[in-house]
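1. here is my input; please provide its structure:
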Amino acid sequence: MAVNAIDVDPYTSLSDEDCEARILAAKEKLGERLVILGHHYQRDEVFRHADFSGDSLKLSRQAADSKAEYIVFCGVHFMAEVADILSRPDQISILPDLSAGCSMADMANLAKVERAWQELSQVLDPDQQVTPVTYINSAADLKAFCGRHGGIVCTSTNARHVLEWSFSRREKVLFFPDQHLGRNTGYNMDIPLEDMVVWDFDLPMGGLTKQQILDAKMILWKGFCSVHQMFDVSHIERFKEKYPDAKIISHPEASFEVCQASDFVGSTEYIIRTVHDSEAGTRWLVGTELNLVNRLHDECKAEGKSVHFMSPTVCMCSTMFRIDPQHLLWVLENLVEGNPVNRISVPVEEAAMARSALQRMLDISP
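-> Model (predicted):
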């Protein structure tokens, strides 16, 4: 029988070392009832406890296929929402720290997107001419919006396939919340830059004229990942001056200019795989989150590979960093006592609509 939930305050003063053994003990007590998911951007002292690691969609699907009753997602809020949407009814999704959000996801909320849809209807018929596409890095209600309007979700891995599907149905795409993933993907599909306009959600009609909207192939939301905007072409140029034979690899959330100056562009999974599969002795400059780059450096140094972080400024995802061993231990010891805390539960109707948009993506993905 459940008792009163354990308060988090006494845990915040614990050292990481004090948490380590207690986390392992709680995991052992919970056994197969628990699965811990660790996103690539998590700090090592949390990441080491993950039963599965990877990108958010992959992790949610692995959790849904597991025997676990409790899904503890060491990531950010939208990831725990996706886990709840895709999981079985008997599974509970938990986020160790509710303050772990995503600044990019927050740049597009339902009210702003619905207003944009209404404003677009003054120029064209969006339900006939525009496919709404949301990056998986978005709130559940935006995925549900796409579900209601015949739209779809994408990841950084399958964005091209999703856009091809979208254009096969309607002539235009409204892409949110990350303009850079949209622009970089569209350009690689031979869509001219001038056919991709930016919708500024703080301005009437997105700051666009009627003609700009009519002429546009892609309408890109004015959103971005602050981590990936730290990288600059000058960082690549300086590195290449020192190491002319180095390879440059970047995440598509980076700017158009950085991605054009890179040898390879792809998701975190793609970056990890490409560097791991490269020849011994190669040198890499990597444009993505610091924890992932540091981990990749440690994993590859035995093969004589050198993996460098692109920005001279320390650049990690501050909201991901809020998941710490103290909060992980707190939720686990509450679960041992039968008290699920920080449960993430998407309303049933919203989850159904979001699931339809996610399912469209899964159905067309290679």
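2. endpoints of stretch 150-169, how far apart?
-> One end of stretch 150-169 sits 9 Å from the other (Cα to Cα, to the nearest Å).
3. actually stretch 180-195, not the one I wrote
-> 14 Å.
4. do the same with stretch 214-224
-> OK, stretch 214-224 end separation, Cα to Cα: 24 Å.
5. mind checking which helix or strand the closest residue to Ser103 other than its chain neighbours is in?
-> Spatial nearest neighbour of Ser103, excluding adjacent residues (Cβ to Cβ, 6 or more residues apart in numbering): Ser226 at 5.6 Å. To be clear about C-beta, it is placed using only N, CA and C from the backbone, and glycine gets the same treatment. Of the helices and strands defined by DSSP states H and E, none includes Ser226.
6. how about Ser226, phi and psi?
-> When read as degrees, to the nearest 10, the backbone of Ser226 gives phi -60, psi -30.
7. number the residues from 58 up from this point.
-> Got it, the first residue is 58 from now on, which makes the last one we talked about Ser283.
8. how about Thr370, secondary structure?
-> coil (DSSP: H, G, I helix; E, B strand; the rest coil).
9. hey, where'd the helices end up in the stretch 308-423 of the chain?
-> 313-317, 325-334, 347-357, 382-393, 405-421 (DSSP state H, counting those that start in this stretch).
10. typo on my end, the stretch 108-257 of the chain
-> So, for the stretch 108-257 of the chain - with DSSP H, counting those that start in this stretch - the helices run 113-122, 134-143, 160-163, 167-177, 183-186, 197-205, 216-226, 236-245.
11. before we move on, the earlier item: next, count neighbours for the residue nearest to Ser160.
-> With neighbours defined by other Cβ atoms under 10 Å, the count for Ser283 comes to 15.
12. how close does it get to Gly344?
-> Note on Ser283: its distance to Gly344, by Cβ to Cβ, to the nearest Å, is 14 Å.
13. chain center to stretch 201-215: distance?
-> 14 Å (Cα atoms, centre = their mean, to the nearest Å).
14. centroid-nearest residue for the protein?
-> In the chain, the residue lying closest to the centroid (Cα atoms, centre = their mean) is Asn194, at 4.4 Å.
15. quick check: mean pLDDT of stretch 249-265?
-> Averaged over stretch 249-265, pLDDT sits at 97.
16. nope, stretch 293-301 is what I meant
-> Stretch 293-301 comes out at a mean pLDDT of 97.
17. next up, the contacts around the closest residue to Lys358 other than its chain neighbours.
-> In space, Lys358 comes closest to Val364 once its chain neighbours are excluded; the distance is 7.7 Å by Cβ to Cβ, 6+ apart. The contact partners of Val364, by Cβ atoms under 8 Å, 6 or more residues apart in numbering, come to 332, 341, 343, 350, 353-354, 357-358.
18. which one of these has the most neighbours?
-> Among the contacts of Val364, the one with the most neighbours (other Cβ under 10 Å) is Val343, at 27 neighbours.
19. my guess is that residue contacts Val350, does it?
-> Yes - here Val343 lies in contact with Val350, judged by Cβ atoms under 8 Å, at a distance of 4.8 Å.
20. hey, what's in contact with both of the two?
-> Listed as contacting both Val343 and Val350 by Cβ under 8 Å, 6+ apart are 364-366.
21. could I get those in a markdown table, plus columns for pLDDT?
-> Below are those laid out as a markdown table (pLDDT from 0 to 100):
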| residue | pLDDT |
| --- | --- |
| Val364 | 97 |
| His365 | 97 |
| Phe366 | 95 |
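22. with those residues in mind, which one is nearest to Ile270?
-> Taking Cβ to Cβ as the measure, Ile270 sits nearest to Phe366 out of the shared contacts of Val343 and Val350, at 39.4 Å.
23. the closest one pairs with what?
-> Phe366 has the following beta-bridge partners by DSSP bridges: Val343.
24. now Glu294. Nearest residue, chain neighbours left out?
-> With Cβ to Cβ, 6+ apart, the residue lying closest to Glu294 is Ala318, at 7.8 Å.
25. how about Val219?
-> Closest residue to Val219 apart from its sequence neighbours, by Cβ to Cβ, 6+ apart: Cys211 at 3.8 Å.
26. next one: His365
-> Using Cβ to Cβ, 6+ apart and skipping the chain neighbours, the partner closest in space to His365 is Leu342 (5.0 Å).
27. look up how far Arg240 lies from Gly204.
-> Distance from Gly204 to Arg240, by Cβ to Cβ: 24 Å.
28. neighbouring contacts of the helix or strand bottoming out on mean pLDDT in the chain?
-> When each helix and strand of the chain is scored by mean pLDDT, DSSP states H and E, helix 160-163 comes last, with a mean of 86. Contact with helix 160-163 is made by 133-135, 194-196, 234-235, 280-283, 310, 376, as judged by Cβ under 8 Å, 6+ apart.
29. among the residues you listed, name the buried ones.
-> Burial by neighbour count, judged by 16 or more other Cβ atoms under 10 Å, picks out 133-135, 194-196, 234-235, 280-282, 310, 376 from the contacts of helix 160-163.
30. mind checking pLDDT for His96?
-> We have a pLDDT of 88 for His96.
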